[in-house]
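**Q** here's a sequence, model it:
(4 chains)
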4 protein chains.
Amino acid sequence: MKALVYHGPGQKAWEEHAKPEVIEPSDAIVRVTKTTICGTDLHILKGDLPSCAPGRILGHEGVGVIDSVGPAVTAFKAGDRVLISCVTACARCEYCRKGMFSHCKTGGWILGNTIDGTQAEFVRTPHADTSLYPIPDGADEDALVMLSDILPTGFECGVLNGKVRPGSSVAIVGVGPVGLAALLTSQFYSPGEVIAIDMDDNRLAVARRFGATQTINSTDGQAVAALMKLTAGKGVDTAIEAVGVPATFELCEQIIAAGGVIANIGVHGVPVSLHLERLWDRNISITTRLVDTVSTPMLLDVLAAHRIDPTRLITHRFKFDDILKAYDTFAAAAETKALKVLIEA
Amino acid sequence: MKALVYHGPGQKAWEEHAKPEVIEPSDAIVRVTKTTICGTDLHILKGDLPSCAPGRILGHEGVGVIDSVGPAVTAFKAGDRVLISCVTACARCEYCRKGMFSHCKTGGWILGNTIDGTQAEFVRTPHADTSLYPIPDGADEDALVMLSDILPTGFECGVLNGKVRPGSSVAIVGVGPVGLAALLTSQFYSPGEVIAIDMDDNRLAVARRFGATQTINSTDGQAVAALMKLTAGKGVDTAIEAVGVPATFELCEQIIAAGGVIANIGVHGVPVSLHLERLWDRNISITTRLVDTVSTPMLLDVLAAHRIDPTRLITHRFKFDDILKAYDTFAAAAETKALKVLIEA
Amino acid sequence: MKALVYHGPGQKAWEEHAKPEVIEPSDAIVRVTKTTICGTDLHILKGDLPSCAPGRILGHEGVGVIDSVGPAVTAFKAGDRVLISCVTACARCEYCRKGMFSHCKTGGWILGNTIDGTQAEFVRTPHADTSLYPIPDGADEDALVMLSDILPTGFECGVLNGKVRPGSSVAIVGVGPVGLAALLTSQFYSPGEVIAIDMDDNRLAVARRFGATQTINSTDGQAVAALMKLTAGKGVDTAIEAVGVPATFELCEQIIAAGGVIANIGVHGVPVSLHLERLWDRNISITTRLVDTVSTPMLLDVLAAHRIDPTRLITHRFKFDDILKAYDTFAAAAETKALKVLIEA
Amino acid sequence: MKALVYHGPGQKAWEEHAKPEVIEPSDAIVRVTKTTICGTDLHILKGDLPSCAPGRILGHEGVGVIDSVGPAVTAFKAGDRVLISCVTACARCEYCRKGMFSHCKTGGWILGNTIDGTQAEFVRTPHADTSLYPIPDGADEDALVMLSDILPTGFECGVLNGKVRPGSSVAIVGVGPVGLAALLTSQFYSPGEVIAIDMDDNRLAVARRFGATQTINSTDGQAVAALMKLTAGKGVDTAIEAVGVPATFELCEQIIAAGGVIANIGVHGVPVSLHLERLWDRNISITTRLVDTVSTPMLLDVLAAHRIDPTRLITHRFKFDDILKAYDTFAAAAETKALKVLIEA
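**A** Numbers count the residues shown, from 1 in each chain, chains lettered A, B, ... in the order given. The predicted structure follows:
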């Protein structure tokens, strides 16, 4: 089969690779029909994630059709259409029992990281019964690709952790794809204000179309003052950090209202300065989270009810054989205005 | 009347002062029968809190008897015995309506800070109907002095924010009076392990008597390793920071389990380093809080049921006229082994 | 002044009445500019509520302008525009401290019940500081009249108690005004299906316009079968009872899914049969509630954000002097298709 | 092997039976070392549960040693000591994903009901990975037998559903074994009062030893008055129904405080009268639940911390060959004062 293989920092190829086989009884082999690229894939290609070794097939998102299953798989059979979750869950370890699939002792985020991933014609998915989801009849499979990772990430790490509620005020700092996913899903709870903050006017325009009630371009360094003006000096009830650098996290510290929540989504590489000398008596919470995808059943319900249209995140489409072009397009988002690129068999 | 007056950094006197009078219709004047000293009072005396100006009567804890009330006070009348909450609450502003009395627009922690306090023969208490509590018949008034501030602080900022639950593991970093208050109240929820960490062996011994299941003296810089050994390498579900310096907060960052909560109680004067590069994917929460005293009714119920004995925190007793000695004893806690000093009329 | 006075079962008059005066220091006198009629007012007129004695001015909803205040009122002054909550709250009794204003020891639902109400040119409102809300500049006062009672009732008793959540299924049994208020506010949480059940096709048509995804006319006695068909045999996650008779409550018992909540809003006059022989192992909850109006601040925020338009509930308008006609119109809702009738000064 | 087989109403035998074998890949065969009898077993023997057909081996509680496992079982291997949960969970169906294992589409309470149970030398346990729990080294296996069903039932259906909290008031109506399990586990949350109500003075004496602060013998029909006197006329915050007949449920309706929860544990055979005409405005909740055993990990932690001693429930011990005597003893509890009878290999 063909697969997108990581060959060390800056190196990747769409090349022939052995088709995966069932190893554990609970494995399924899925023929991938649609996949996409995540910002994390770009991090891997920069060499930022040592857990991902050269030779690895990348990708942790997608939908497909069951090709074969191990003897322990009972929920699926060959021919079933499935959504592949970016997080693999055994459903039995102490973390899975708490709903913290991200820390599953034999799973978590392993696809396209410590085992081969979904940017290939076939992928082996461990713990298939509890890590794949049946695709409902008539479902929009393009939309479902957004449920592998980006929607649950924005929703769980940003919206749920951030306790967005009717009438409350929300700032989303960074409206790239995951910030936009948080923006789309924040609207499940009817917040009063959703303020998008970014340095890219195109992204802010997209945010406004996706439901942001206000936007702030932070290039001028005056974002705090601008936000405080919009919130009558109180700050926001929820600040969602969707970038992953100290400047944006510390911006969140400055704009959070008393009693508010800073919900971190960003992948951080260095420490940030936490201004407890100002925040110790502000009754705030700060949350971190690797997506657990425990909200996938709820998101499937919301999607079935047409309460959200995640295909709005898809800006470009490619065939598998053009996956290198898809990477180029996604990596050059500032120019191409790419959000999510869909890659199809 | 006599009062303990702050005269600027390092300066205080037990001196004659005009008796307070009702200013607002919702004020009450309380004759103070018992009060105590808080670590915050020592901070003020060091000049650390600019909000507290010279000339201020200190103190924000105590019980007493209503001397007179303004025309708007309906819940109390002269002669009623009352518990004085350290936090004044109007019960009607947007913060009070959310149960965040600490941020009351015309209250919060003002006693002995921005208005005269309780280390005096009489004190004026604003918003009396919603900031004082009737003392139940037969209640132990010594115990109730501990309900003004230290018990609700340990409970709300440490135990409730920290989500202590049956069978869970808890570390309390710093077992001075407020850490011990968190220790006592953590037991309302039957945690599995409560590990006390401090540099003072006497305090650790007290912690053990108060219910700590393990103690770690952190003087040798090996506290993280010691704790990890006690928790099979997982860390604790709840880490309660009760000191207020970067070293102890950053210790909490190192010992928190995936999915855990760092509940800050400490009053911090400088920023801390938040290691998001390690914590971004650990599904943790960090909380800060100035006590709201919303749990006071619950604490009164628990006290009435004899489920807790807060008088165990009281190590020394003084008469009002010996209040300067009380300060000396409390300030020299390392030598005197003082926890809370009770000062009585 | 003129007032609508209850003179015993079936008897009422719009007549001259003494203007109310401040009695308690915390009272305010409000000049009523807009009010409305509640289904409960019709119950009183039938003689169903013995707590409401002849001679009482009816009405517990409205907006107005402060005419005068007692000496304990600090949040309002003459000339302020205010929303009158149907529930009076002292904010200090044990029930108010738990957010259960409905059971306030000196308040609760007393307006137009045990004290004179709002269907008059002036009304005395006890505990004014905590029972009135300032009207924000530019707010739509017609919409605000709906926030006195019907919106918070539908929201708190139906939607919040019923735990409506993104993608979940909801049935509203009875889509008169309060059922429609539940329908409007249920959408704050983006449920997947909202199924309206009623015997009146006009109301079902209104429900559909207000966002119901499905409607069932239960006249034929086949509502259970129809609903089960719509929900693949599972029943609904939330069943909101908004009628108040055994048949509709017992319908809720039949359509509730395992793990679901039956949220009762209806005012019941007789016992219902609870089929525990079928429900004991179904992991359901049943909730009852007299509205607490603790959600009023949130509803004001949602209204300010234009996330809801409660004026859609207003079908007819009258001047105060035509209030008897307003009653006739409201009482004959089946013919007049009245939902809420607005009565203005 | 030997097994206790149900042969229709009133008929049972300890007789030779074929040893079970792995049928599904996720099955395990467990050699039972300790089991016990549940009140439900007596119901089956009366013919009350048509789901349990003649020929069925009874029993759904126990501990044992893994004898063999199917190819899909990865968490256990032959020789492992395990706790058998009374509820079988696939961990992947829509109910299991919500933590509602009791309604698992291919599990739930099936052991000793629709498939052969644990009152035998060997038992087949489906979905072994997610329905068995490893026994920690050094654990008291007698205590663990109480974790199969009775402890989680009392805890989940009574204490968790009933929202027992520090200082709150609790009534337990019926202090047979499951009521006593609720009593033991209620103390995890430090309630202020726990009032046991029963008609049997022996059980009330046991309840007092187990931590009840008050007891009421309801034989004289004056239980409501007695309880109201103990609670200053307010009723209790939590009423746990642990009998399963209309009289006790309706007693709960009479003693529940405004804002309280009636948590039903009892297995009911007929409808009860729900007095909504009195309760519609009392802001109460009523909950039903078949135990999910989702709290088993927490209970194991609490047990490991020695915060509870469930062996106090064990009053009698028998060898497997005396199981018929064990049934006699358990069935004649009023005379034998039996709570739980332990049956050992």
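
**Q** get me the contact residues on the stretch 201-345 of chain A for chain C.
**A** A:213, A:298, A:299, A:300, A:301, A:302, A:304, A:305, A:307 (Cβ under 8 Å from any Cβ of the partner chain). Backbone N, C-alpha and C define where each C-beta goes, glycine included.

**Q** so which of those reach chain B?
**A** Here nothing survives when those are matched to chain B using Cβ under 8 Å from any Cβ.

**Q** next, format those as a markdown table and append pLDDT, distance to residue C:20 and neighbour count.
**A** Below are these laid out as a markdown table (pLDDT from 0 to 100; distance: Cβ to Cβ, whole Å; neighbours: other Cβ atoms under 10 Å in any protein chain shown):
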| residue | pLDDT | distance to residue C:20 | neighbour count |
| --- | --- | --- | --- |
| A:213 | 98 | 42 | 17 |
| A:298 | 97 | 51 | 22 |
| A:299 | 97 | 54 | 27 |
| A:300 | 96 | 56 | 20 |
| A:301 | 96 | 52 | 22 |
| A:302 | 96 | 50 | 25 |
| A:304 | 94 | 55 | 14 |
| A:305 | 94 | 50 | 18 |
| A:307 | 93 | 48 | 18 |
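
**Q** from the residues you listed, which land in helices?
**A** Judged by DSSP state H, these include A:298, A:299, A:300, A:301, A:302, A:304 as members of helices.

**Q** burial count for the closest residue to the fourth one other than its chain neighbours?
**A** Yep, that's residue A:301 we're talking about. Spatial nearest neighbour of residue A:301, chain neighbours left out: residue C:167 (2.9 Å); criterion: Cβ to Cβ, 6 or more residues apart in numbering or on different chains. Residues near residue C:167, counting by other Cβ atoms under 10 Å in any protein chain shown, number 23.

**Q** hang on, residue C:167 packs against residue C:191?
**A** Yes - the criterion here is Cβ atoms under 8 Å, and residue C:167 meets it with residue C:191 at 6.9 Å.

**Q** who touches both of these two?
**A** residue A:305 (Cβ atoms under 8 Å, 6 or more residues apart in numbering or on different chains).

**Q** which residues touch residue A:7?
**A** Counting by Cβ under 8 Å, 6+ apart, residue A:7 has contacts A:13, A:54, A:55.

**Q** hang on, I meant residue A:184
**A** A:151, A:154, A:210, A:211, A:308, A:310, A:312, A:313.

**Q** export the host helix or strand of residue A:224 to CSV, keeping only CA atoms.
**A** Assigned by DSSP states H and E, residue A:224 falls within helix A:223-230. The C-alpha trace of helix A:223-230 is given here as CSV (Å, rounded to 0.1, in the frame of the first residue of the first chain):
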residue,chain,number,x,y,z
ALA,A,223,-5.1,43.4,22.9
VAL,A,224,-5.6,43.6,26.7
ALA,A,225,-6.8,47.2,26.6
ALA,A,226,-9.1,46.4,23.7
LEU,A,227,-10.6,43.5,25.4
MET,A,228,-11.0,45.3,28.7
LYS,A,229,-12.9,48.0,26.9
LEU,A,230,-15.2,45.4,25.3
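
**Q** list the buried residues in it.
**A** Neighbour-count burial for helix A:223-230 flags A:223, A:224, A:226, A:227, A:230 (criterion: 16 or more other Cβ atoms under 10 Å in any protein chain shown).

**Q** list the residues that contact the closest residue to chain C within the stretch 101-250 of chain A.
**A** Nearest residue of the stretch 101-250 of chain A to chain C: residue A:167, at 2.9 Å (Cβ to the nearest Cβ). By Cβ under 8 Å, 6+ apart, the contact set of residue A:167 is A:190, A:191, A:192, C:298, C:299, C:300, C:301, C:302, C:304, C:305, C:307.

**Q** next one: residue A:160
**A** With contacts defined as Cβ under 8 Å, 6+ apart, the neighbours of residue A:160 are residue A:295.

**Q** how close does it sit to chain D?
**A** 15 Å (Cβ to the nearest Cβ, to the nearest Å).

**Q** how many residues are close by the closest residue to residue A:1 other than its chain neighbours?
**A** Of all residues beyond its chain neighbours, the one nearest residue A:1 is residue A:121 (4.0 Å), with distances taken as Cβ to Cβ, 6+ apart. By other Cβ under 10 Å, 18 other residues sit near residue A:121.

**Q** list phi and psi for residue A:121.
**A** Main-chain dihedrals, residue A:121, degrees, to the nearest 10: phi -70, psi -30.

**Q** ok, residue A:86 touching residue A:293?
**A** Yes - here residue A:86 reaches residue A:293: they are 6.7 Å apart, a contact under Cβ under 8 Å.

**Q** quickly list what's touching both of these two.
**A** Jointly contacting residue A:86 and residue A:293 under the rule Cβ under 8 Å, 6+ apart are A:149, A:152.

**Q** which stretch of helix or strand covers residue A:318?
**A** Short version, using DSSP H and E: residue A:318 is in strand A:314-319.

**Q** put the alpha carbons of that strand into PDB.
**A** C-alpha atoms of strand A:314-319 as PDB (Å, rounded to 0.1, in the frame of the first residue of the first chain):
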ATOM      1  CA  ILE A 314     -12.400  22.300   5.300                       C
ATOM      2  CA  THR A 315     -10.800  24.800   2.800                       C
ATOM      3  CA  HIS A 316      -8.900  22.500   0.400                       C
ATOM      4  CA  ARG A 317      -9.300  18.900  -1.000                       C
ATOM      5  CA  PHE A 318      -6.700  16.500  -2.300                       C
ATOM      6  CA  LYS A 319      -6.400  13.000  -3.500                       C
END
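
**Q** which stretches in the stretch 101-250 of chain A count as strands?
**A** Applying DSSP state E, counting those that start in this stretch to the stretch 101-250 of chain A gives strands spanning A:122-125, A:132-134, A:169-173, A:193-198, A:214-217, A:236-241.

**Q** quick one: stretch A:61-79 near chain D?
**A** Yes - contact of stretch A:61-79 with chain D (Cβ under 8 Å from any Cβ) involves A:70, A:71, A:72, A:73, A:74, A:75.
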